[in-house]
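> With the sequence up front, the predicted model follows.
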Amino acid sequence: MLLYSLTNLEMLWSGSNEARFAIFIASAIILFYTCDIIFRKVVIPVVKKVTAKTVSRWDDTLFNEDVLTNISRLIPPLVLMLILPYLFEKSHGIFFWTDKIINIYIVATATRLSFAIFNSLYDIYNQDKRAKNRTLKGVFEMFKIISLCIGAIIIISIVVDKNPANILTGLGAMAAVLMLVFKDPIMGLVAGVQLSVNDMLRQGDWITLPKHNADGEVIEVTLTTVKVQNWDKTITTIPPYVLVSESFQNWRGMFDSGGRRIKRSLYIDMNTIGFCTKEQVEKFRQKGWLNGIECDDEHMVNLTVLRNYLDIYLRNNKRVNHDLIFMIRQLQPTAQGLPLELYFFSADTAWIAYEHLQADVFEHIFAIMPEFGLKVFQTPSGMDFANFTTGAQNQD
């Protein structure tokens with residue numbers, strides 16, 4: 001029986017090219033299927049076990065399933081390309097087209113393999129803590145685009161049976177057209193490199209770009225776009241070259257400094273500013289509000305005591321960052337009163353904690369000001385005029 005089967009196989013092999021081609025196709029299918037099974041059931045599990053035992057994590061990422069699967073898809077066409085000359089004459093049409101198809105498949109699979117390797121390298125790069133300060137996603141995308149272009153040129157050269165160098169020479173004449181078509185990716189690439197090298201932008205930064213309605217956190221930086229999630233949860237997409245050609249505000253320095261600035265003024269009614277009475281001076285001295293003031297009791301001004309009190313109050317507030325600049329100053333008097341500006345930094349840069357501190361400080365100031373005989377200027381409202389009219393009528 002075995003001899004009979006071998007005899008039939010030999011007769012079939014020595015037959016027509018069509019029969020050989022059928023055997024070749026069947027062998028290719030079996031080879032692809034066998035290689036796929038071996039890699040999925042044997043090679044990939046073994047590689048995973050070996051990489052899992054190592055201390056480093058980069059090998060687990062580099063030799064992932066996607067990379068190994070694409071490697072397994074390269075083996076069958078390489079084997080078929082080696083045995084093809086033994087099956088058909090090079091002058092035969094079957095050899096010509098089969099060889100082209102195999103070469104195209106090899107180039108396409110190699111391109112996919114390069115994509116998988118670049119993705120793995122990017123994941124390995126992101127495992128480094130320093131990678132958070134340098135976003136190189138656009139650079140890796142550039143490598144993938146270059147790989148895709150090389151693969152496309154080689155495939156075109158295989159189809160038209162031309163040297164790739166000749167195709168590149170022909171493409172040189174179309175450089176202007178290609179520059180126009182790929183203008184945004186090229187400009188985005190250059191801008192992305194500038195943003196990364198100059199450390200102008202990182203993923204997770206809070207940036208403000210009013211012209212493009214962007215005010216929020218950077219969630220993704222790619223070759224052609226920078227995605228910003230605004231605080232109202234909308235997404236603003238900005239081309240990278242806009243961030244290079246136009247100015248934008250990056251709040252990273254504020255977070256790195258460990259303090260968030262509070263700069264707010266309240267307007268003192270200048271009619272309430274005056275010298276303190278002896279009773280007030282004695283009360284302020286007992287409470288310790290005069291500590292640090294170099295002035296005699298007869299010329300003690302209530303606003304001076306208020307400024308000194310606020311200085312003591314803020315310096316003893318644990319939620320205030322005392323390592324950064326701190327001052328309480330007067331600004332140019334206006335028709336609305338004398339501006340008293342508080343300039344200091346919160347110790348917590350979180351938005352909610354910052355707003356709570358700011359509100360607590362000024363609520364305390366408004367509540368304590370009557371102790372000094374001072375009032376905050378407020379434009380008279382309708383009720384003020386109504387009360388004034390009612391009081392005048394009562395006096396009459």
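Looks like it arrived, so ask away. Residues are numbered from 1 along each chain as shown.

> Can you give the distance of the one helix or strand Ile219 maps to from its chain's centre?
Element membership for Ile219, per DSSP states H and E: strand 214-221. Using CA atoms, centre = their mean, to the nearest Å, the mean C-alpha position of strand 214-221 is found 6 Å from that of the whole chain.

> Which other helices and strands does whichever helix or strand comes after it contact?
Next along the chain after strand 214-221, taking DSSP H and E as the criterion, comes strand 226-230. Where contact means 3 or more CB pairs under 8 Å, 6 or more residues apart in numbering; DSSP states H and E, strand 226-230 is packed against strand 214-221, strand 235-238. In this view, the C-beta of every residue, glycine as well, is placed from N, C-alpha and C.

> now for those, which one comes closest to Phe366?
strand 214-221 (29.6 Å; CB to CB).

> Now do the buried residues in the closest one.
For strand 214-221, a neighbour-count test (16 or more other CB atoms under 10 Å) marks 214-216, 218, 221 as buried.

> Farthest pair within those?
So, the buried residues of strand 214-221 by CB to CB: farthest apart are Asp215 and Val221, at 17.1 Å.

> so the strand holding Ile219 versus strand 226-230, what angle?
Angle, strand 214-221 to strand 226-230, by axes from the mean of the first three to the mean of the last three CA atoms, to 10 degrees: 140 degrees.

> Can you report how many residues lie near Ser147?
By other CB atoms under 10 Å, the residues close to Ser147 number 18.

> Kindly apply the preceding question to Ile312 instead.
For Ile312, using other CB under 10 Å, the count is 15.

> repeat for Phe95
Neighbours around Phe95, by other CB under 10 Å: 17.

> So it belongs to a helix, correct?
Yes: using DSSP: H, G, I helix; E, B strand; the rest coil, the assignment for Phe95 is a helix.

> Quick check: it vs Phe326, distance?
84 Å (CB to CB, to the nearest Å).

> Nearest residue to Cys276 in space, ignoring adjacent ones along the chain?
Met300 (4.4 Å; CB to CB, 6 or more residues apart in numbering).

> Per-residue pLDDT of that neighbour, please?
For Met300, the model assigns a pLDDT of 92.

> cool, the one 3 residues further on as well?
We note a pLDDT of 94 for Leu303 in this prediction.

> ok, residues contacting the strand holding Ile219?
Where contact means CB atoms under 8 Å, 6 or more residues apart in numbering, the residues beyond strand 214-221 that reach it are 135, 137-138, 192, 195, 201-209, 226-231, 235-236, 238, 240, 248.

> That strand pairs with which strands?
Strand 214-221 has its sheet partners listed here by DSSP bridges as strand 206-209 (antiparallel), strand 226-230 (antiparallel).

> Buried residues, the longest one. List them.
Same thing as strand 226-230. Across strand 226-230, burial judged by 16+ other CB under 10 Å covers 226-228.

> Tell me the spacing between the residue nearest the centre of the chain and Asn64.
Note on the chain: the residue nearest the mean C-alpha position is Gln203, at 2.1 Å, using CA atoms, centre = their mean. Gln203 is 22 Å from Asn64, where distance means CB to CB.

> thought Gly151 was touching Ala110?
Yes: using CB atoms under 8 Å, Gly151 is in contact with Ala110, at 7.1 Å.

> so Pro76 touches Ile29, yeah?
No: Pro76 lies out of contact with Ile29 (CB under 8 Å); the separation is 9.4 Å.

> Show me which residues of stretch 265-277 are buried.
Buried residues in stretch 265-277 (16+ other CB under 10 Å): 266-268, 270, 272-273, 276.

> Equivalent analysis for stretch 45-58, please.
Neighbour-count burial for stretch 45-58, counted by 16+ other CB under 10 Å, picks out 47, 51, 58.

> what does stretch 29-36 give?
31-32, 35.

> Whichever strand or helix holds Glu282 - what's its average pLDDT?
Assigned by DSSP H and E, Glu282 belongs to helix 278-287. Averaging pLDDT along helix 278-287 gives 92.
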